[in-house]
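> Give me a 3D structure for the following:
(one chain, ligands or ions: 2)
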Amino acid sequence: MISVAFLSTPGLMDPLEPLLRRELPGLTCASWPEEASREAELAVCWKPQAGALAAMPNLKLIHSIAAGVDNILADPSVPDRPVCRIVDPDISVAMTEFVLWSTLYFHRDFDRVIDNARTGAWHRYAQRAPQDTRVGILGLGTLGTDAARRLVDLGFSVSAWSRSAKTADGIRTFSGAAALDAFLGEVDILVSLLPLTPSTLGLLNAERLSRLPKGAALVLCSRGEHLIADDLVALLRTGHLRGAVLDVFEREPLPADHPLWREPGVLVTPHMAAIASWMVIAQQIAENVRRLKRGEPLLNAVDRARGY
Ligand code: NDP
Ligand code: OXD
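Ligands and ions are numbered 1, 2, ... in the order given. Okay, here's the model as predicted:
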């Protein structure tokens, strides 16, 4: 039977171990940096310590507990083994709910109304039709596609930007770096659902955010490292941007004294847009272990060269 090492901050994966044991009877488990973890064939990871995976000579499979694998591939010493991620319809449902809520938050002026409620200011904003709000999604993959479709169903004007060219009913599609400025220029609410890779790191900087029309808002569901937060704050303060819902941060948890918590126009949420259940994580990892043993193609393996 296969042996697994859990590589994460201490205790994070405690709920996973019994579920994985139930899926894979006879499994032997250890947590990094216990000595036994170095002998493991399967590494189950969230932000593994740099160099740890390279120090596991028997490694056959590296599995993220998340949809993103940036937490693993950030370490250049990660050995050349398959890296798999979690893809689950429930994650798509949750992310789409979060994107719909954030879109409505700005589209229906809840950001302003919540501020007004604090001071007892009764103000009714003019109502806009959904087709008059342009929602732009960065990343038209598993999550971006689901959110975009539901926004189209609700009548919003939806566009999306991806690496490769795509067509999707009711969605204006843009692809490649050369099309990014044109895409940004026609977006009222920008939703980021990109993976974090060397090409997307720091993408949302002053130059790019300035391309958004005056009054646009940002919804960051991807990774904190996509955003240069100081550039966002500067554009909020000049009034070029209206607001931002930020779910992800370079440093998580975001410290309680971090100024973003108190920046006017910014709503911080605690990396909660879509949380995979431990049961689904265990089932998907176990299925890949069974596939590995049978020599079958793995589910949700990422392309190491692309980084996602
Ligand atoms: P996918 O891999 O399915 O989709 C990624 C999309 O991004 C694809 O459309 C891809 O283009 C596009 N893309 C990648 N690189 C570039 C680039 N350089 N330029 C333009 N487009 C690019 O990922 P998911 O939809 O499953 O997940 C996206 C991210 O969401 C995750 O990586 C994770 O960071 C984040 N996430 C956040 C959660 C939260 O709770 N906040 C929960 C779950 C995920 P193409 O289609 O051409 O390949
Ligand atoms: C993920 C996440 O990538 O939770 O799944 O951010």
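> ok, the residue of the stretch 101-250 of the chain found nearest ligand 2 to ligand 1 distance?
Scanning the stretch 101-250 of the chain for the residue nearest ligand 2 gives residue 248, at 6.7 Å (criterion: CB to the nearest ligand atom). In this view, the C-beta of every residue, glycine as well, is placed from N, C-alpha and C. Distance, residue 248 to ligand 1, by CB to the nearest ligand atom, to the nearest Å: 5 Å.
> Point out the residues in the stretch 151-300 of the chain that sit beside ligand 2.
residue 276 (CB under 6 Å from any ligand atom).
> Let me see the confidence value for the residue nearest the centre of the chain.
With distances taken as CA atoms, centre = their mean, residue 222 lies nearest the centre of the chain, 3.1 Å away. On pLDDT, residue 222 comes in at 98.
> so what's it up against?
68, 138-139, 192-196, 200, 248 (CB atoms under 8 Å, 6 or more residues apart in numbering).
> distance of the residue of the stretch 101-250 of the chain closest to ligand 2 from residue 37?
Distance check for residue 248 against residue 37: by CB to CB, to the nearest Å, it reads 28 Å.
> picking that back up, was I right about the residue of the stretch 101-250 of the chain closest to ligand 2 contacting residue 218?
No. Between residue 248 and residue 218 there is no contact under CB atoms under 8 Å: 11.8 Å.
> more crowded one of the two?
Ranked by neighbour count (other CB atoms under 10 Å), residue 248 and residue 218 place residue 218 first, with 27 against 22.
> That one - that's part of a strand, no?
Yes. Counting by DSSP: H, G, I helix; E, B strand; the rest coil, residue 218 is part of a strand.
> That one - nearest residue in space that isn't next to it in sequence?
residue 244 (4.2 Å; CB to CB, 6 or more residues apart in numbering).
> The one you found: what's it in contact with?
217-220, 232, 236, 265-267.
> Assign it to helix, strand or coil.
Using three-state DSSP, the structure places residue 244 in strand.
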